[in-house]
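Novice: for reference, the sequence and a predicted model appear below.
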Amino acid sequence: MAKKTSTSTYQPGRNIEDIQKTYGLKNVIKLASNENPLGPSKKAISAANKMINSMNRYPDSQSSRLKQAINKLISKRNISTDNIIIGNGSNEILELVARKYLNNNSEVLFCKHSFLVYKIISNTMNAKIIESKIITKKGKDFMGIDLESMRSKITKKTKVIFIANPGNPTGTVLSINKIEKFVKTISKKIIIVIDEAYYEYASYYGFKSSISLLNKYNNIIITRSFSKIHALAGVRVGYGLASKEIISNFNKIRQPFNVNYVAQTMAMESLSDEKYLKKSLELNDIGMQFLKLEFKKLGISYIDSYTNFMTVYLGNNAQIIYEMLLSEGVILRPLDNYGLPGYLRVTIGTKDENAMFIKKLKKSLKRLK
């Protein structure tokens with residue numbers, strides 16, 4: 001019997017200023033929150049600077065221009081602006097899902113070790129949380145979502161299923177064929193949320209978005225974020241894609257001015273900056289290959305990732321190494337909160353940041369001998 005999970009508090013990565021003060025350090029790098037190390041697109045920054053003198057005005061409540069920019073990007077998928085909702089980060093869209101579809105008589109289903117926000121928003125609605133299993137067999141799908149286990153957990157009370165693709169904190173990915181095969185077997189009364197916060201990184205490695213499924217299945221909601229590849233974590237903006245009916249229902253319960261002018265403008269400009277996006281993806285891949293090679297040299301196992309982070313296994317030494325790295329000015333993310341106490345998650349940084357991390361990691365490992 002699955003038990004109702006108590007409310008968990010989201011724990012963000014430690015900030016640079018705190019570590020500098022605590023350890024008396026000048027040079028500190030943060031590789032804890034999966035932020036794009038390049039910073040925002042210069043086009044987006046320039047557009048934001050022009051908005052400063054307009055801060056006395058309320059933003060466009062509908063985020064119309066941003067919706068049009070998103071629609072232009074995915075118009076070949078037969079999506080209109082009526083299928084789009086803009087949120088204060090994709091987290092707000094996830095929260096709207098919970099508010100609309102969950103209550104104390106319903107069940108919500110997601111995979112073990114999923115994004116902690118799914119658990120938090122479900123608990124706020126007093127829904128019963130059911131967690132499916134991960135794939136434990138070693139191989140390219142290791143630590144990924146076990147869709148057969150997920151299917152077996154569905155009951156008459158299941159109202160929402162959350163599928164992160166790629167996943168966080170595992171970095172694993174599902175093919176669109178596997179997702180559609182799963183969706184076909186699910187009651188159309190169940191809302192299926194496909195969280196694509198990291199989809200750009202997965203697409204770089206050949207994996208397709210689930211957008212094409214929206215025209216086939218009216219119970220699918222896709223969420224995306226501007227916090228990752230677009231490096232706009234600080235202004236909070238994301239979006240959701242779904243049927244016109246679902247989007248209309250969300251608009252009835254969202255705050256009227258939920259996304260500020262700067263966020264709307266920067267997101268719109270970043271979408272059009274193809275050179276910036278290409279550079280970000282290439283930098284991430286170079287960093288990914290570097291870290292993989294170094295981990296193999298050190299005999300450290302990791303989960304295959306299709307995102308901008310890697311999750312590594314350090315066993316009983318995970319917490320000790322995490323604290324050692326903090327004292328050396330490197331901030332990683334411990335995963336105890338996700339039920340993965342032997343793992344640390346590292347964001348892929350710039351060339352210099354990755355090199356510093358490996359240097360300090362080697363130093364920490366030597367201290368343990």
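Specialist: Nice, thanks for sending it over. Being a predicted model, the structure only gives us computed values, none of them experimental. Numbering: from 1, shown residues only.

Novice: in the stretch 101-250 of the chain, which spans are helices?
Specialist: Counting by DSSP state H, counting those that start in this stretch, one finds helices in the stretch 101-250 of the chain at the ranges 116-124, 147-152, 176-184, 199-204, 244-253.

Novice: pull out the buried positions in the strand or helix carrying residue 65.
Specialist: Taking DSSP states H and E as the criterion, residue 65 maps to helix 64-74. Neighbour-count burial for helix 64-74 flags 66, 67, 69, 70, 71, 74 (criterion: 16 or more other Cβ atoms under 10 Å). (Glycine included, C-beta is placed from N, CA and C.)

Novice: how near is the fifth one to residue 319?
Specialist: Same thing as residue 71. 46 Å (Cβ to Cβ, to the nearest Å).

Novice: just the third one next, same as before
Specialist: As defined by Cβ to Cβ, residue 69 lies at a distance of 44 Å from residue 319.

Novice: please apply the same query to the last one.
Specialist: In this structure, residue 74 and residue 319 are separated by 42 Å, where distance is defined by Cβ to Cβ.

Novice: equivalent analysis for the second one, please.
Specialist: Residue 67 sits 44 Å away from residue 319, taking Cβ to Cβ as the criterion.

Novice: any idea how many residues pack against residue 14?
Specialist: Residue 14: 19 surrounding residues under other Cβ atoms under 10 Å.

Novice: typed the wrong thing, it's residue 150
Specialist: Neighbours of residue 150 (other Cβ under 10 Å): 20.

Novice: I figured it was touching residue 161, is that so?
Specialist: Yes. With contact defined as Cβ atoms under 8 Å, residue 150 reaches residue 161; the gap is 7.1 Å.

Novice: shared neighbours of these two, anything?
Specialist: Common neighbours of residue 150 and residue 161, counting by Cβ atoms under 8 Å, 6 or more residues apart in numbering, are residue 109.

Novice: helix, strand or coil for residue 282?
Specialist: helix (DSSP: H, G, I helix; E, B strand; the rest coil).

Novice: how close does it get to residue 275?
Specialist: Taken as Cβ to Cβ, the span from residue 282 to residue 275 is 11 Å.

Novice: which one is the spatially most central residue of the chain nearest to, not counting chain neighbours?
Specialist: With distances taken as Cα atoms, centre = their mean, residue 197 lies nearest the centre of the chain, 4.2 Å away. Of all residues not flanking residue 197 in the chain, residue 225 sits nearest, at 4.1 Å (Cβ to Cβ, 6 or more residues apart in numbering).

Novice: secondary structure element for the closest residue to residue 60 other than its chain neighbours?
Specialist: Excluding the flanking residues, the one nearest residue 60 by Cβ to Cβ, 6+ apart is residue 264, at 6.7 Å. Residue 264 belongs to helix 261-272 when assigned by DSSP H and E.

Novice: got the angle between that helix and helix 64-74?
Specialist: Here the directions of helix 261-272 and helix 64-74 differ by 20 degrees (axes from the mean of the first three to the mean of the last three Cα atoms, to 10 degrees).

Novice: what is the mean pLDDT for helix 261-272?
Specialist: For helix 261-272, mean pLDDT rounds to 97.

Novice: list the buried residues for it?
Specialist: Within helix 261-272, judged by 16+ other Cβ under 10 Å, the buried ones are 261, 262, 263, 264, 265, 266, 267, 268, 269, 270, 271.

Novice: what is the nearest of those residues to residue 60?
Specialist: Ranked by distance to residue 60 (Cβ to Cβ), the buried residues of helix 261-272 are led by residue 264 at 6.7 Å.

Novice: the closest one: what's it in contact with?
Specialist: 59, 60, 63, 65, 66, 86, 237.

Novice: drop anything exposed from the residues you listed.
Specialist: Among the contacts of residue 264, those buried by neighbour count (16+ other Cβ under 10 Å) are 59, 63, 66, 86, 237.

Novice: return the member of those residues nearest to residue 356.
Specialist: residue 237 (30.3 Å).

Novice: how about the spatially closest residue to that closest one that is not a sequence neighbour, what does it touch?
Specialist: Of all residues not flanking residue 237 in the chain, residue 263 sits nearest, at 4.0 Å (Cβ to Cβ, 6+ apart). By Cβ under 8 Å, 6+ apart, the contact set of residue 263 is 88, 226, 232, 235, 236, 237.

Novice: from residue 194, how far off is residue 184?
Specialist: 14 Å.

Novice: please apply the same query to residue 306.
Specialist: 15 Å.

Novice: for residue 163, same thing?
Specialist: Using Cβ to Cβ, residue 163 is found at 5 Å from residue 194.

Novice: shared neighbours, these two?
Specialist: With Cβ under 8 Å, 6+ apart as the test, residue 163 and residue 194 both reach residue 179.

Novice: so residue 93 is in contact with residue 237, correct?
Specialist: No. In this structure, residue 93 is not within contact of residue 237 by Cβ under 8 Å, at 10.8 Å.
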